[in-house]
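**Q** What follows is a predicted structure for the sequence shown.
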Amino acid sequence: MVPELLSGHSRGPGRGDCGGPSRDALLLSGWLPCCKKLLQDNFAQAAIAEKTRKSFDVIAINMWGDREVTRLNGEAMTEKAFAKRVRVMFTPTLVMLDEDGEVALRINGYSPPIASTRR
């Protein structure tokens, strides 16, 4: 599900012009039940996936991963270093970044979809 949600977006924090959608890092571990539930119950819903694609640049990051990601300021680091930098302690965690690449909002844990998006 993450690749479909990310289609059309880069996979590293910051992909250019800050006038576009907000940057949103989704830190998860695909094997954990709460992360699977987020992907299968929330982002599998077309309305949620489409609104997310329109409004955010979603970057899926494995908080224990070694892939290289690049922050908005051009600083390169591993996924786990990025997770530590934005103080992620567990997954799933949604981190919204401001135009400077700093955490503007953090949503920790799983929340089920709200009723209005289930239609």
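**A** In hand now; what should we look at? Numbers count the residues shown, from 1 in each chain.

**Q** which residue sits closest to L38, ignoring its sequence neighbours?
**A** The spatial neighbour of L38 that comes closest, neighbours along the chain excluded (CB to CB, 6 or more residues apart in numbering), is P92 at 4.9 Å. (Each C-beta comes from the backbone N, C-alpha and C, glycine too.)

**Q** For that neighbour, grab phi and psi.
**A** Backbone torsions for P92, taken as degrees, to the nearest 10, come to phi -80, psi 150.

**Q** before we move on, what about T78?
**A** Torsion angles, degrees, to the nearest 10, at T78: phi -80, psi 160.

**Q** does A104 belong to a helix or a strand, and which?
**A** Assessed by DSSP states H and E, A104 sits inside strand 103-108.

**Q** mind saving the C-alpha coords of that strand as CSV?
**A** Provided in CSV are the C-alpha atoms of strand 103-108 (Å, rounded to 0.1, in the frame of the first residue of the first chain):
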residue,chain,number,x,y,z
VAL,A,103,8.6,19.1,13.1
ALA,A,104,5.4,21.2,12.9
LEU,A,105,3.1,18.3,14.1
ARG,A,106,3.5,14.8,15.3
ILE,A,107,0.8,12.1,15.5
ASN,A,108,1.9,9.1,17.5
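
**Q** Provide the strand pairings for that strand, with the direction of each partner.
**A** strand 93-97 (antiparallel) (DSSP bridges).

**Q** and the strand it pairs with, average pLDDT?
**A** Per-residue pLDDT over strand 93-97 has a mean of 86.

**Q** Now that strand: buried residues?
**A** Using 16 or more other CB atoms under 10 Å as the test for burial, strand 93-97 gives 93-95, 97.

**Q** got it, and stretch 37-45?
**A** The neighbour-count check on stretch 37-45 (16+ other CB under 10 Å) flags 38-39, 42-43, 45 as buried.

**Q** And stretch 92-108, by the same measure?
**A** Neighbour counts using 16+ other CB under 10 Å place 92-95, 97, 101 of stretch 92-108 among the buried residues.

**Q** how long is it end to end?
**A** End-to-end distance of stretch 92-108 (CA to CA, to the nearest Å): 6 Å.

**Q** So which elements touch the helix ranked longest in the chain?
**A** Taking DSSP state H as the criterion, the chain has its longest helix at helix 46-55. If you count contacts as 3 or more CB pairs under 8 Å, 6 or more residues apart in numbering; DSSP states H and E, helix 46-55 packs onto helix 2-6.
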